[in-house]
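Novice: I need the structure of the sequence given here:
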Amino acid sequence: MSQIPVPIEIHRDDHQIVLKWSAEHETVFPARDLRLACQCAQCRDEMSGTVLLSPSSVPQDVRPVSIQLVGAYGFQVEWSDGHGTGIYTYESLYPATEEDGGLGTDL
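Specialist: Numbers count the residues shown, from 1 in each chain. As a prediction, the model looks like this:
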């Protein structure tokens, strides 16, 4: 089993969250896309995986207000729309580029 990488830096601004995995590898996640991908029980049915969150309920200009690390496996975001219960695991975000079927863009 391969070890899941842990980012060496996490940056946020009003439009995106950037995970820096190494000196040569960063992944950029547009803020709204990451908010819509929340896996918490309010946003996704725990049993079926059905998306419960309506995209129309998330403002186009939603932004990450703060980021809190969760153990050594992920982070939690407090969003400007008041949501903050989802945990984004490093395993689910790496690799998570569009080429890999994910949300992010490698830099």
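Novice: for the spatially most central residue of the chain, give me its contacts.
Specialist: The centroid of the chain falls nearest to Leu34 when counting by C-alpha atoms, centre = their mean (4.4 Å). By C-beta atoms under 8 Å, 6 or more residues apart in numbering, Leu34 lies in contact with Ile17, Pro64, Val77, Tyr88, Leu103. Quick note: C-beta positions are derived from backbone N, CA and C, even for glycine.
Novice: bridging residues for Glu26?
Specialist: Counting by DSSP bridges, Glu26 forms beta bridges with Lys20.
Novice: oh, I was asking about Gln68
Specialist: Bridge pairing for Gln68 - DSSP bridges - gives Gln76.
Novice: these two touch, right, it and Thr85?
Specialist: No - in this structure Gln68 lies outside contact range of Thr85 using C-beta atoms under 8 Å: 11.4 Å.
Novice: overlap of the contact sets of those two?
Specialist: Shared contacts of Gln68 and Thr85 (C-beta under 8 Å, 6+ apart): Gln76.
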